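1. Curious how this folds, go ahead:
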Amino acid sequence: QVQLVESGGGLVQPGGSLRLSCVASGFTFSTQGYPMNWYRQAPGKEREWVALILTRTGLTNYADSVKGRFTISRDNAKNTVDLQMNGLKPEDTAVYYCNAYVNGGNSWGQGTQVTVSS
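-> Predicted structure coming up:
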């Protein structure tokens, strides 16, 4: 059974940084190229995709709204995916979710709240 557990959210001032982490279990990153994603959902808005990394190649892709500010990375030895967020803006405030597409099914973590406010 796939499980994803996020951590690292919190309150930060505009311009600040946070690092989110997602620990995955129930599958092994190194066995094949799984797509791992971060999504976010702000109050009253639809969930939106933020970033992608392929576990085998490390290939990444980002939403235009975070490109140049956020960096996604993975550690295949620890089965973790991180999201380093720099230059945070109030519009980055949302619940951030880790997502994995494994064996034909989508799995989600419980989410971690990120609030950017002065």
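
2. Could you list the buried residues of the helix or strand containing Thr115?
-> Per DSSP states H and E: Thr115 is located in strand 112-116. Using 16 or more other CB atoms under 10 Å as the test for burial, strand 112-116 gives Thr112, Val114, Val116. C-beta: built from backbone N, CA, C; applies to glycine.

3. Could I get the full set of strands for this structure?
-> 3-7, 10-12, 18-25, 35-41, 48-54, 60-62, 70-75, 80-85, 94-102, 105-108, 112-116 (DSSP state E).

4. can you list the ones you listed in JSON lines and add mean pLDDT?
-> As requested, the strands of the chain are exported to JSON lines (pLDDT from 0 to 100):
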{"stretch": "strand 3-7", "mean pLDDT": "97"}
{"stretch": "strand 10-12", "mean pLDDT": "98"}
{"stretch": "strand 18-25", "mean pLDDT": "97"}
{"stretch": "strand 35-41", "mean pLDDT": "97"}
{"stretch": "strand 48-54", "mean pLDDT": "97"}
{"stretch": "strand 60-62", "mean pLDDT": "98"}
{"stretch": "strand 70-75", "mean pLDDT": "97"}
{"stretch": "strand 80-85", "mean pLDDT": "98"}
{"stretch": "strand 94-102", "mean pLDDT": "96"}
{"stretch": "strand 105-108", "mean pLDDT": "94"}
{"stretch": "strand 112-116", "mean pLDDT": "98"}
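
5. All set now, cheers.
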